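A.B. asks: here is my input, please return the structure:
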Amino acid sequence: MIKLYGVIGDPIVQSMSPVMQSQEFNQLGIEAHYHPFHIVDKDLKDAVKGMKAIGIAGFNVTSPHKTTIMPFLDYIDPLAKAIGAVNTVVRVNDEFHGYNTDGMGFIKALQADWKESFYHDNALIIGAGGAAKAIYYTLLSTGMKNIDISNRSVDKAKQLIMDCPFEGNSKAMSLKEAETSLDQYQLIIQTTSIGMYPHLSDSPLSLAKLNQDAFVSDIIYNPFETALLKEAKERGAKIQNGVGMFVYQGALAFEKWTSIVPDVERMKKIVIKHLGGNPC
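C.D. replies: Modelled structure (predicted):
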């Protein structure tokens with residue numbers, strides 16, 4: 001019997017998950033269909049009930065439903081509960097179980113593009129929104145300790161640190177403060193929307209004091225190289241865009257649904273082709 005999977009969001013037409021996941025199901029000979037579902041906020045509760053009723057085997061969750069879906073699930077993984085967001089739902093018998101693979105997807109991409117162990121390095125996260133929270137919590141939960149957070153609103157960065165249930169050595173700072181101490185960090189993680197189309201020349205901060213041996217990751221993947229990544233590369237640093245994080249979070253969801261490890265490189269190629277560009 002063909003199993004049904006999908007992704008829910010509003011809007012949903014922009015999602016690359018259907019083309020990525022569908023190809024992997026086909027390549028592995030799994031009888032499954034992956035469908036995008038356009039669900040607006042007011043219909044979310046009924047949509048979750050309906051998806052359970054029709055027997056959907058699992059689905060991804062994208063904006064704006066990652067937090068609001070949580071009350072409608074039967075079980076939430078402790079890390080997802082701490083983060084306060086779910087991006088992957090797995091059907092277990094007659095229950096829907098929620099997980100967050102965003103942070104672990106980032107770590108997998110970091111290990112693939114940089115190095116396997118970075119837990120003793122100093123990291124700076126730029127931004128204090130949902131993506132920053134998922135990455136920050138997951139890094140701390142897996143053993144990294146020295147992670148500072150820089151944001152336009154320092155109070156928001158402080159709150160993110162205070163709310164985190166995982167132990168670490170962190171301080172909050174303004175973007176200007178971060179600029180003056182960039183040489184202290186081996187890892188820079190940019191999580192805001194600054195630099196996305198159409199504001200391609202925008203950058204959250206200057207990299208004048210960047211350590212040239214640093215690794216700079218920007219979770220944006222359109223464009224493939226933001227202004228921040230271009231400056232980092234010009235200064236001799238290694239760089240990474242958001243394609244890897246997107247692919248790995250999807251691969252982790254695929255594995256949770258099927259207990260099969262998908263071909264990440266194959267998934268990455270289809271995403272890059274769909275975006276019409278080349279990775280960093």
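
A.B. asks: okay, now Asp94: neighbour count?
C.D. replies: Per other CB atoms under 10 Å, the neighbour tally for Asp94 reads 8. To be clear about C-beta, it is placed using only N, CA and C from the backbone, and glycine gets the same treatment.

A.B. asks: list the contacts for it?
C.D. replies: Contact analysis of Asp94 by CB atoms under 8 Å, 6 or more residues apart in numbering lists Lys52.

A.B. asks: which elements pack onto the helix or strand bottoming out on mean pLDDT in the chain?
C.D. replies: Lowest on mean pLDDT, DSSP states H and E among the helices and strands of the chain sits helix 264-275, with a mean of 94. Here helix 264-275 is seen to pack against helix 17-27, helix 243-258 when contacts are counted using 3 or more CB pairs under 8 Å, 6 or more residues apart in numbering; DSSP states H and E.

A.B. asks: deepest in the core, which of the ones you listed is it.
C.D. replies: helix 243-258 (a mean of 24; mean count of other CB atoms under 10 Å).

A.B. asks: rewinding a little: could you dump the helices and strands packed on helix 264-275 into a markdown table and include mean pLDDT?
C.D. replies: A markdown table is the format used below for those (pLDDT from 0 to 100):
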| stretch | mean pLDDT |
| --- | --- |
| helix 17-27 | 97 |
| helix 243-258 | 98 |
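
A.B. asks: kindly reformat those helices as TSV containing distance to Asp163.
C.D. replies: What follows is the helices and strands packed on helix 264-275, written out as TSV (distance: least, CB to CB, whole Å):
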stretch	distance to Asp163
helix 17-27	29
helix 243-258	22
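
A.B. asks: all strands for the stretch 151-280 of the chain, in order.
C.D. replies: Taking DSSP state E, counting those that start in this stretch as the test, the strands found in the stretch 151-280 of the chain are 172-173, 187-190, 215-218, 238-240.
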